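Trainee: My questions are about this predicted structure, shown below with the sequence.
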Amino acid sequence: MIGSDVKYQMLFNAIDEGFCIVEVIFDEDENPVDYRFLEVNPAFSKQTGLIDAQGKRMRELAPKHEEYWFEIYGKIAITGQPVRFENRAEQLHRWYDVYAFRVSQPEDRQVAILFKDITERKQVEKELSLHGEIMKNISEGINLIRVKDEVIVFTNSKFDEMFGYYSEELIGKHVSILNAPSGKSPEEIKQDIVDTTNKTNEWHGEILNIKKNGDHFWCNVDVSLFDH
């Protein structure tokens, strides 16, 4: 039978998230000013870029580390209230998703920190936000559709005006809500678009659409694959 200490060590070594236990250091006025790494797991260096951190203080490794990190961990050490948050560590050039909680006795001022580098996700969110702001102001109707299930994930104001919907009425709906019966069946049109975009990444043609009020209208449509 495997003992609890062995199980802990196996989990400690196996997880791909960064994990560490720190001792929060306070000044004479009980303000958190630093913390010392007591334990770090093997994924710690990959997630932070910090080498040989165990036994060292954060200000030794990153002197310009933001004050809010010390304040958050200091509050957890004092109150014992766990916290889940996202923050950027500027000197490490990374964003983190963090869950931190107090361990050991309150007077030990020790906090366990489980964290994951989410810098790539934050960059994608920033790019999508930028694309969204640009597309909102384009004078042509634009919508984005998730390829795997053909669900609408974005519409700009011109598109909403064309179809007579509010954006929130379309987001999450299947694209078929916009298509009226025409000479070609929806499946034929879909297959034509899929075949063409798989070859050239774009499709151009006319589709008979239906507005919210039931009116039908033909529309020139340009389909492009959007990678994100």
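Mentor: All right, it came through fine.
Trainee: what's the residue lying closest to residue 84 once chain neighbours are set aside sitting at in phi/psi?
Mentor: Once flanking residues are discounted, residue 84 sits nearest to residue 99: 4.9 Å by CB to CB, 6 or more residues apart in numbering. Every C-beta, even on glycine, is put in place using the N, C-alpha and C of the backbone. Per-residue torsions, residue 99: phi -120, psi 120 (degrees, to the nearest 10).
Trainee: And for residue 150?
Mentor: phi 60, psi 40.
Trainee: just residue 28 next, same as before
Mentor: phi -70, psi -20.
Trainee: Show the average pLDDT along stretch 79-96.
Mentor: When pLDDT is averaged over stretch 79-96, the result is 95.
Trainee: Run the chain-centre distance for it.
Mentor: 14 Å (CA atoms, centre = their mean, to the nearest Å).
Trainee: Grab the nearest non-local neighbour of the residue nearest in space to the middle of the chain.
Mentor: With distances taken as CA atoms, centre = their mean, residue 121 lies nearest the centre of the chain, 4.3 Å away. Of all residues not flanking residue 121 in the chain, residue 95 sits nearest, at 7.7 Å (CB to CB, 6+ apart).
Trainee: hang on, the one you found in a helix?
Mentor: No: counting by DSSP: H, G, I helix; E, B strand; the rest coil, one finds residue 95 to be strand, located in no helix.
Trainee: For it, name its beta-bridge partners.
Mentor: Note on residue 95: beta-bridge partners by DSSP bridges are residue 88.
Trainee: So it sits against residue 122, correct?
Mentor: Yes: using CB atoms under 8 Å, residue 95 is in contact with residue 122, at 4.5 Å.
Trainee: Buried residues, stretch 191-204. List them.
Mentor: Neighbour counts over stretch 191-204 (16 or more other CB atoms under 10 Å) mark 193, 203 as buried.
Trainee: In PDB, could you pull the C-alpha coordinates for that stretch?
Mentor: Taking Å, rounded to 0.1, in the frame of the first residue of the first chain, the C-alpha atoms of stretch 191-204 are listed here in PDB:
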ATOM      1  CA  GLN A 191     -20.800  20.900 -49.600                       C
ATOM      2  CA  ASP A 192     -19.900  23.300 -52.400                       C
ATOM      3  CA  ILE A 193     -18.600  25.800 -49.800                       C
ATOM      4  CA  VAL A 194     -16.600  23.100 -47.900                       C
ATOM      5  CA  ASP A 195     -15.100  21.600 -51.000                       C
ATOM      6  CA  THR A 196     -14.000  25.000 -52.300                       C
ATOM      7  CA  THR A 197     -12.700  26.400 -49.000                       C
ATOM      8  CA  ASN A 198     -10.700  23.200 -48.500                       C
ATOM      9  CA  LYS A 199      -8.900  23.800 -51.700                       C
ATOM     10  CA  THR A 200      -8.600  27.600 -51.800                       C
ATOM     11  CA  ASN A 201      -9.500  28.800 -48.200                       C
ATOM     12  CA  GLU A 202     -12.400  30.900 -49.700                       C
ATOM     13  CA  TRP A 203     -15.700  30.700 -51.500                       C
ATOM     14  CA  HIS A 204     -17.700  33.300 -53.400                       C
END
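Trainee: just how off-centre is that stretch within its chain?
Mentor: Counting by CA atoms, centre = their mean, stretch 191-204 comes out at 29 Å from the chain centroid.
Trainee: now that stretch: mean pLDDT?
Mentor: Mean predicted confidence for stretch 191-204 is 78.
Trainee: Tell me which residues touch residue 88, please.
Mentor: The neighbours of residue 88, taking CB atoms under 8 Å, 6 or more residues apart in numbering as the test, are 94, 95, 96, 122.
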